[in-house]
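J.: Mind folding the following:
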Amino acid sequence: MQRRINPELDIVKDILEAVLKAQPESSFTQSLYEQYIERGGLSKRQLQGLYSKALKVKDIPPGKLATLEAIILRKQEKSKKTDVVSAGPLHVKDETAGKLIEALLAKYPQHKRVLFLKTKFDNNENLSVAEMGELEKFTKLLLK
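T.: As a prediction, the model looks like this:
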């Protein structure tokens with residue numbers, strides 16, 4: 001939790017108490033107050049709910065509402081789905097492998113191992129170092 005500048009000043013607690021005073025029957029606000037006291041904080045969504053309740057209360061100063069809004073904006077939003085930022089394509093085909101496969105199949109179209117490697121290459125599967133070595137060995141033996 002972040003260290004506050006003035007620990008005696010607790011805007012969220014003040015707003016919770018003001019909303020509870022204005023709406024004592026609100027079970028939502030009572031629940032938020034209990035959670036805040038127990039845990040020492042609320043989630044972004046809970047704070048947004050509190051903010052919407054606090055807007056309806058006339059006794060809360062606009063400065064405290066603005067501070068609560070700033071707290072909400074500063075909080076990071078948690079989402080259930082993971083956002084994966086893609087820097088580029090997930091699989092980049094190795095063009096040298098593609099050229100070797102095409103050259104070998106042009107001369108020997110029925111070569112079973114090269115056909116297998118071509119299938120792997122076409123299915124966007126990575127060719128291992130050993131398989132790349134095989135392609136280079138076939139190229140040296142068969143194309144010279």
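J.: Quick check: the residue lying farthest from the centre of the chain vs Lys107, distance?
T.: Relative to the centre of the chain, and counting by C-alpha atoms, centre = their mean, the farthest-placed residue is Lys144 at 51.5 Å. In this structure, Lys144 and Lys107 are 11 Å apart, going by C-beta to C-beta, to the nearest Å. Quick note: C-beta positions are derived from backbone N, CA and C, even for glycine.
J.: How about Phe121?
T.: 17 Å.
J.: List the buried residues in stretch 45-53.
T.: By neighbour count on 16 or more other C-beta atoms under 10 Å, the buried set for stretch 45-53 is Gln46, Leu47, Leu50, Tyr51, Lys53.
J.: CSV for those residues, including distance to Leu16?
T.: As requested, those are exported to CSV (distance: C-beta to C-beta, whole Å):
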residue, distance to Leu16
Gln46, 10
Leu47, 10
Leu50, 7
Tyr51, 11
Lys53, 9
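J.: Out of these, flag the one nearest to Ala66.
T.: Distances from Ala66 to the buried residues of stretch 45-53, taken as C-beta to C-beta, are shortest for Tyr51 (10.4 Å).
J.: from memory the closest one sits against Ile72, does it?
T.: Yes - counting by C-beta atoms under 8 Å, Tyr51 touches Ile72, with 6.2 Å between them.
J.: CA atoms only: put stretch 45-61 into CSV for me.
T.: Extracted C-alpha coordinates of stretch 45-61, given in CSV (Å, rounded to 0.1, in the frame of the first residue of the first chain):
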residue,chain,number,x,y,z
ARG,A,45,-15.0,-1.2,-8.7
GLN,A,46,-16.0,-0.8,-5.0
LEU,A,47,-14.6,2.8,-5.0
GLN,A,48,-16.6,3.5,-8.2
GLY,A,49,-19.8,2.2,-6.5
LEU,A,50,-19.0,4.4,-3.4
TYR,A,51,-18.5,7.4,-5.7
SER,A,52,-21.8,7.0,-7.4
LYS,A,53,-23.5,6.7,-4.0
ALA,A,54,-21.6,9.8,-2.7
LEU,A,55,-22.7,11.9,-5.6
LYS,A,56,-26.3,11.6,-4.3
VAL,A,57,-25.3,13.0,-0.9
LYS,A,58,-25.4,16.8,-0.7
ASP,A,59,-23.3,17.1,2.5
ILE,A,60,-20.0,15.8,1.0
PRO,A,61,-17.7,18.6,-0.1
